[in-house]
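> sequence and predicted model, in that order:
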Amino acid sequence: MSLKIITIIPARAGSKGIANKNLFPLAGRPMMSYSIQASVDCELISETYVSTDSQEIMRCAEVFGAKSIHRPDEMCQDHSSSELALLHFANHIDFDILCFMQATSPLVTSNILTSAITYYNQSNIDSLISGYEDHGFWWRDKLPLYDPDNRPTRQQQKNEGTLYRESGMFYITSREKLLKSKCRYSGSSEIYPVKKMLSIDVDSIEDVQFIELIMQQQNEQNKIRG
C-alpha cells in the first residue's frame, strides 16, 4: 500500500522584515506561489496545504492549486513556532508522511522534492532535512566559535566531516514521529544536500533582488537550451 504524502506550508499574515512577505511580489508572482507550485507539480505528493490565518493567503493558495487550513490566531503570533502549525495540521488532516515546506524558499523545484522524497522512502530513516555544505567560521556576538590559534583550513574541516547548515527548504517526517516528538524532525535524521544558491530563504528586500537575478539567469539559460 502506497503512503499518503502531504505538504504543509505555514504562511501567516504578519511578518516583520517584509510586510506581508508570503504574498510579496517576486518576479511577478506572490512569494509563496513558488513553493506551492513545486509541491503541486511533484507526483509523489498527494495534496498541498497552506496553513494560515489570512483569507487573502487562502485565496492565493487556491489560485495556485493548494488547499488551505485555517490556523487559530493564537498560533500565528511572532513568537509562535512552526511546530504549532504542524501539530495543528496533523490533528486535523490524515496522512502518512509530511513534507513541511517554507513559503520563503522560492527556488525549490518539484525535481528536488521528488528526489528527496524518493531518497526518504528508500532509506531507513525517520526524518530528512534540506541543507547545504557550510565550512564557515562562526561567531556568536563578539566571540568566535572556534580556536583562532588553530584555525583549520577548508581541507582540514572536510577531513573532520562535512558540515551542513539547515536551509529550511523542506523537512520530511512521518505523522507518527511528528505527533510523538512534537518536533519537525526526530529519531534517525539525515541532511539532504541542496545547492547553496537554491537554498536562499527570503528575509529582506536584498534577498528578493538576488533571487530575481538568479531566476532571470535561469530563464536565459533555459532559452539557450530550448
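Cool, the structure landed. Numbers count the residues shown, from 1 in each chain.

> where does the chain dip in pLDDT?
Applying pLDDT under 70 to the chain picks out residues 1, 226.

> go ahead and flag the most central residue of it.
Most central in the chain under Cα atoms, centre = their mean is residue 169, positioned 2.3 Å from the mean C-alpha point.

> gap between the residue located most distally from the centre of the chain and residue 161?
For the chain, the residue at maximal distance from the C-alpha centroid (Cα atoms, centre = their mean) is residue 149, at 36.8 Å. Distance check for residue 149 against residue 161: by Cβ to Cβ, to the nearest Å, it reads 22 Å. In this view, the C-beta of every residue, glycine as well, is placed from N, C-alpha and C.

> cool, and residue 64?
According to Cβ to Cβ, residue 64 stands 40 Å off from residue 161.

> so what does the lengthiest helix in the chain touch, helix or strand wise?
For the chain, the helix that runs over the most residues, judged by DSSP state H, is helix 205-225. For helix 205-225, the elements it packs on are strand 25-26, judged by 3 or more Cβ pairs under 8 Å, 6 or more residues apart in numbering; DSSP states H and E.

> quick one: the helices in this protein, in order.
In the chain, the segments counted as helices under DSSP H are 33-40, 55-63, 82-90, 110-122, 154-159, 175-181, 205-225.

> got the buried residues for the fourth one?
Taking 16 or more other Cβ atoms under 10 Å as the neighbour-count basis, helix 110-122 is seen to contain the buried residues 110, 112-114, 116-117, 120.

> and those residues as a markdown table, adding distance to residue 200?
Shown next, in a markdown table, are the buried residues of helix 110-122 (distance: Cβ to Cβ, whole Å):
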| residue | distance to residue 200 |
| --- | --- |
| 110 | 18 |
| 112 | 14 |
| 113 | 17 |
| 114 | 21 |
| 116 | 17 |
| 117 | 22 |
| 120 | 23 |
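
> looking at these, which is nearest residue 17?
Here the nearest of the buried residues of helix 110-122 to residue 17, counting by Cβ to Cβ, is residue 112; it sits at 24.8 Å.

> excluding residues flanking it in the chain, which one is nearest the closest one?
Nearest in space to residue 112, with sequence neighbours left out and distances taken as Cβ to Cβ, 6 or more residues apart in numbering, is residue 194 at 6.3 Å.

> correct me, but the one you found touches residue 168?
No. Applying Cβ atoms under 8 Å, one finds residue 194 not in contact with residue 168, separated by 10.5 Å.

> shared neighbours, the two?
Any residue near both residue 194 and residue 168 by Cβ atoms under 8 Å, 6 or more residues apart in numbering counts here, and that gives residue 130.

> contacting residues for residue 58?
50, 52, 68, 70.

> most neighbours, which of those residues?
The member of the contacts of residue 58 that has the most neighbours, counting by other Cβ atoms under 10 Å, is residue 50 with 28 neighbours.

> any idea how far the residue nearest to residue 183 when sequence neighbours are not counted is from residue 53?
Ranked by Cβ to Cβ, 6+ apart and with sequence neighbours excluded, the top spatial neighbour of residue 183 is residue 83, at 6.2 Å. Counting by Cβ to Cβ, the separation of residue 83 from residue 53 is 16 Å.

> these two: who's more crowded?
Under the criterion of other Cβ under 10 Å, the comparison of residue 83 against residue 53 puts residue 53 first, with 19 against 16.
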